[in-house]
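Engineer: I would like the atomic coordinates for the input below:
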Amino acid sequence: MTGIARSFALALGQLGDRRILGVLAKSMAITLAIVAALAAIAWRGTAALAERYAAGWDELGGLAGVLLAVVGGWLLFRVIALAVLQFFADAVVRAVEARHYPAEAASARELPLAEDAGNAVRGLVRAVLVNLVALPVGLLLLVTGVGTAVWFWAINAWLLGRELTDMVWLRHRPPPSSSGSAAALPLSALTRFALGGIVAGMLLVPFANLLAPVLGAAMATHLVHSRKGRS
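Structural biologist: Numbers count the residues shown, from 1 in each chain. Below is the predicted model of the structure:
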């Protein structure tokens with residue numbers, strides 16, 4: 001797992017790069033704005049329903065709205081943060097490649113806006129659907145105390161590992177072979193899970209969760225190019 005540790009150290013060391021800071025500021029502001037808007041809608045919506053259908057329980061409805069906003073924001077933050085980063089991922093990947101892998105940067109494929117947006121939407125839909133499917137198991141695991149957190153961490157580690165790898169690999173993936181088969185991902189399933197696990201873990205920690213998506217994209221860039229170099 002030395003590659004994971006090295007990629008994390010290199011990603012952390014480039015946080016001061018102006019290009020990285022620019023992406024971090026934009027993605028952070030947009031993510032927080034979306035989470036805050038959704039939380040406000042959930043709070044006001046729950047309070048309005050309580051006021052209309054449960055007269056005399058306004059305070060309880062307001063409390064339920066606050067709880068829904070907090071829990072919903074916590075659950076959706078990682079999904080929204082990654083979806084937002086998809087639109088700025090190229091800037092992170094380009095910054096890392098320009099500093100550490102200039103030859104690879106010169107041969108990279110620029111993704112059209114439509115393809116970039118399509119990848120972001122597909123990633124968002126996949127993350128929401130998988131988390132919804134995993135929700136019943138997570139609710140059952142509430143009785144264990146920590147089972148729910150571990151379950152969602154594992155699910156999102158798997159999701160994030162693939163999404164972050166694709167952010168880089170789509171820029172460098174060779175065209176399909178004559179048989180029509182696409183080139184295999186350069187990172188093994190275990191490496192992708194470890195990458196996603198680190199980022200998913202950071203997304204659970206206040207303040208660190210603001211840096212996690214950008215650090216994840218930078219780590220994925222180092223990991224993909226280190227594996228390419230060995231092939």
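Engineer: so which strand or helix has the most centrally placed residue in the chain?
Structural biologist: Taking CA atoms, centre = their mean as the criterion, L82 is the residue nearest the geometric centre of the chain, at 3.0 Å. Counting by DSSP states H and E, the element that carries L82 is helix 58-86.
Engineer: rewinding a little: thought the residue nearest to the centre of the chain was touching N156?
Structural biologist: No. Between L82 and N156 no contact is recorded; they are 9.1 Å apart, counting by CB atoms under 8 Å. Any C-beta I mention is one placed from the backbone N, CA and C, and that applies to glycine too.
Engineer: overlap in contacts of the two?
Structural biologist: Common neighbours of L82 and N156, using CB atoms under 8 Å, 6 or more residues apart in numbering, are A127.
Engineer: Spell out the residue ranges of the helices in the chain.
Structural biologist: 2-13, 18-53, 58-86, 89-100, 102-106, 113-140, 147-172, 189-202, 208-230 (DSSP state H).
Engineer: pLDDT of the longest one, averaged?
Structural biologist: The predicted model gives helix 18-53 an average pLDDT of 79.
Engineer: other SSEs contacting it?
Structural biologist: Here helix 18-53 touches helix 58-86, helix 89-100, helix 208-230, going by 3 or more CB pairs under 8 Å, 6 or more residues apart in numbering; DSSP states H and E.
Engineer: Confidence-wise, which of the ones you listed is weakest overall?
Structural biologist: helix 58-86 has the lowest average pLDDT among the helices and strands packed on helix 18-53, namely a mean of 67.
Engineer: Spit out the contact partners of A218.
Structural biologist: So A218 contacts 7, 10-11, 14, 20, 92, 95-96 (CB under 8 Å, 6+ apart).
Engineer: These into TSV, with extra columns for neighbour count and distance to H222?
Structural biologist: TSV is the format used below for these (neighbours: other CB atoms under 10 Å; distance: CB to CB, whole Å):
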residue	neighbour count	distance to H222
S7	26	4
L10	17	5
A11	23	7
Q14	21	10
I20	21	13
V92	29	11
A95	23	12
V96	26	7
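Engineer: how many other residues sit next to A108?
Structural biologist: Around A108 there are 16 other residues, counting by other CB atoms under 10 Å.
Engineer: looking at it, it is touching E97, isn't it?
Structural biologist: Yes. Counting by CB under 8 Å, E97 is a contact partner of A108 at 6.8 Å.
Engineer: any idea how far L204 is from W153?
Structural biologist: 7 Å (CB to CB, to the nearest Å).
Engineer: now F77
Structural biologist: For F77 relative to W153 (CB to CB), the value is 14 Å.
Engineer: What of L185?
Structural biologist: 22 Å.
Engineer: wouldn't G22 be in contact with A91 here?
Structural biologist: Yes. Using CB under 8 Å, G22 is in contact with A91, at 7.2 Å.
Engineer: Looking at those two now, which is surrounded by more residues?
Structural biologist: Comparing G22 with A91 by other CB under 10 Å, the one with more neighbours is A91, at 18 against 14.
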